[in-house]
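S.K.: what shape does this take:
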Amino acid sequence: MPSKSPREGGGTSSALAALSLVSDVARQAVDGVPVLKQVVGVLSQILSLAEAGDKNREALRVLAETSFAFAEAIPKVLNGQQLEGAIADSLEAVLKIAQSVKPIMVRHAAKNRFMRGLAYAFTLAPQIEHLSAELSNAVRMLHVLR
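M.R.: Numbering: from 1, shown residues only. Model prediction:
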């Protein structure tokens, strides 16, 4: 896998980790100066939000790739076959969950950069967790049934 440039997000995690470490060291260094301690504290909080956003961005990427793969693979595998019963229901559930990710991605992509950043930091995490858990459960059920 080719490495990504920091602009593409590949170096973002390591840069945020380095800034977080510098922030921790700075907080200890300015312990006796209340005003500077407050400034460094705010910087630390901003870095925490950026780290959360970076993790959510990666989780959304993984969810999207997995969902799109399922949404493509299931119809190809079935190839016109008609299944019945629990396996058909389970496949339908996986496909439905996988297809529900695309509208979220489209809405998210339509936001401006600032709003996407806010979404990564705050609102996307519960959606990503919920859909990832649903998809994982549906796939587990499919494995149990086969």
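S.K.: quick one: the helices in the protein?
M.R.: 12-29, 34-78, 85-109, 113-118, 124-145 (DSSP state H).
S.K.: mind listing what's buried in the fourth one?
M.R.: For helix 113-118, burial by neighbour count (16 or more other CB atoms under 10 Å) applies to R116. In short, each C-beta sits where N, CA and C put it, glycine included.
S.K.: quick check: mean pLDDT across it?
M.R.: The predicted model assigns helix 113-118 a mean pLDDT of 80.
S.K.: please apply the same query to stretch 55-63.
M.R.: Mean predicted lDDT for stretch 55-63 stands at 80.
S.K.: stretch 77-94 now?
M.R.: 78.
S.K.: report the buried residues of it.
M.R.: Buried residues in stretch 77-94 (16+ other CB under 10 Å): S90, L91, A93, V94.
S.K.: can I get the CA coordinates of that stretch in PDB?
M.R.: Once non-C-alpha atoms are left out, stretch 77-94 reads as follows in PDB (Å, rounded to 0.1, in the frame of the first residue of the first chain):
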ATOM      1  CA  VAL A  77     -22.700 -14.000  -5.700                       C
ATOM      2  CA  LEU A  78     -26.400 -14.600  -5.900                       C
ATOM      3  CA  ASN A  79     -26.300 -14.300  -9.700                       C
ATOM      4  CA  GLY A  80     -30.000 -14.500 -10.000                       C
ATOM      5  CA  GLN A  81     -30.500 -17.300  -7.500                       C
ATOM      6  CA  GLN A  82     -33.500 -17.100  -5.300                       C
ATOM      7  CA  LEU A  83     -32.800 -18.000  -1.700                       C
ATOM      8  CA  GLU A  84     -35.400 -18.500   1.000                       C
ATOM      9  CA  GLY A  85     -35.500 -18.500   4.700                       C
ATOM     10  CA  ALA A  86     -33.000 -17.300   7.300                       C
ATOM     11  CA  ILE A  87     -30.100 -17.100   4.800                       C
ATOM     12  CA  ALA A  88     -32.100 -14.900   2.400                       C
ATOM     13  CA  ASP A  89     -33.200 -12.700   5.300                       C
ATOM     14  CA  SER A  90     -29.600 -12.400   6.600                       C
ATOM     15  CA  LEU A  91     -28.200 -11.500   3.100                       C
ATOM     16  CA  GLU A  92     -31.000  -9.000   2.700                       C
ATOM     17  CA  ALA A  93     -30.100  -7.400   6.100                       C
ATOM     18  CA  VAL A  94     -26.400  -7.200   5.100                       C
END
